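**Q** Would you be able to build a 3D model of this:
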Amino acid sequence: MKTPAKQSRQPGIEAKMDPAPEYTKSTYIGAKKLLDKVALITGGDSGIGRAVCVHFAREGADIAIVYLNEDIDAKETKRLIESEGRKCLLLKGDVKKAAFCKKAVSQTVNKLGKVNILVNNAGMQAPQKDPKAIDEKQLEDTFRANIFAYFHFANEALDYLSEGDCIINTTSVTAYRSSPNLIDYSATKGAITSFTRSLATNLAEKKIRVNAVAPGPVWTPLVVSTFDEKKIKSFGSETAMKRAGQPSELAPAYVFLASEDASFITGQVIHVNGGEVVNG
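**A** Residues are numbered from 1 along each chain as shown. The predicted structure is shown next:
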């Protein structure tokens, strides 16, 4: 794979990536698995989030996208959703702020009428070789973006979710194996995994399912905006398949967990990681 240019700030712009990530495969045919559902997807403008948006729309869902500041990517994802014949609401803001998380949920309900599926997907990372280089601001920002926001969105969404609805969280392979240069990030992903399991058992009596997807290395803007050129060039080579995954290879797992096909599944994590062996 051609090595794209490193981008200077995260979360990165998908429109500037060459080669661009693949958000869907031409062979993917929707089956109305999510017909007339409303999904709120954080970090939905690009990468895995964009792929989930497009697949959900192809399955018949209307989509609310939460994104930070990547207007060009968000508008393109909106175009892709609308080309599937579904509605799309763009919600620009910082998930590290609790007030925005709450406002985004209420705006989704006000504009699209309801919310049936919450996909907590937005996240950040700041690689550091020396743990002492992880200062207070980085630590707080990473936890606020990667796990606090998941709490805020879930708590607000629970005012609207009902029997048969669901929450899907994006965790990571780093929650299950060492990632020495992503210590704070890995800690948040471990928290997401535990959050998923505990919230699932808490909501089981209400028949609201909570599951997660744990990606391995996936070709997204976060890669080119946070890693150095050497890491970008070799990204994904550590997997059994010797390559990075594409967002298009992740999104069907989210479709499955959001659909009636997964009606007896809660508190679980689907690992989509190119063959990396994990425990737990």
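
**Q** what ranges do the helices span in the chain?
**A** Remark: helices assigned in the chain by DSSP state H are 47-58, 71-83, 98-112, 136-143, 149-157, 183-203, 221-226, 229-234, 247-258.

**Q** Reformat those helices as JSON lines; add mean pLDDT and distance to residue 15.
**A** For glycine as for every other residue, the C-beta is placed from the backbone atoms N, C-alpha and C. Shown next, in JSON lines, are these (pLDDT from 0 to 100; distance: least, CB to CB, whole Å):
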{"stretch": "helix 47-58", "mean pLDDT": "98", "distance to residue 15": "11"}
{"stretch": "helix 71-83", "mean pLDDT": "98", "distance to residue 15": "5"}
{"stretch": "helix 98-112", "mean pLDDT": "98", "distance to residue 15": "23"}
{"stretch": "helix 136-143", "mean pLDDT": "97", "distance to residue 15": "25"}
{"stretch": "helix 149-157", "mean pLDDT": "98", "distance to residue 15": "24"}
{"stretch": "helix 183-203", "mean pLDDT": "98", "distance to residue 15": "25"}
{"stretch": "helix 221-226", "mean pLDDT": "78", "distance to residue 15": "9"}
{"stretch": "helix 229-234", "mean pLDDT": "78", "distance to residue 15": "17"}
{"stretch": "helix 247-258", "mean pLDDT": "98", "distance to residue 15": "14"}
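
**Q** Can you say which of these is packed in most?
**A** Mean neighbour count (mean count of other CB atoms under 10 Å) peaks for helix 47-58 among the helices of the chain, with a mean of 29.

**Q** Tell me if I'm right that residue 177 and residue 278 touch.
**A** Yes. Here residue 177 reaches residue 278: they are 6.1 Å apart, a contact under CB atoms under 8 Å.

**Q** re earlier: need the helices of the chain in JSON lines with distance to residue 33, can you?
**A** As requested, these are exported to JSON lines (distance: least, CB to CB, whole Å):
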{"stretch": "helix 47-58", "distance to residue 33": "9"}
{"stretch": "helix 71-83", "distance to residue 33": "16"}
{"stretch": "helix 98-112", "distance to residue 33": "18"}
{"stretch": "helix 136-143", "distance to residue 33": "34"}
{"stretch": "helix 149-157", "distance to residue 33": "20"}
{"stretch": "helix 183-203", "distance to residue 33": "21"}
{"stretch": "helix 221-226", "distance to residue 33": "28"}
{"stretch": "helix 229-234", "distance to residue 33": "35"}
{"stretch": "helix 247-258", "distance to residue 33": "6"}
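
**Q** Relative to residue 169, which of the ones you listed is closest?
**A** helix 183-203 (5.0 Å; CB to CB).
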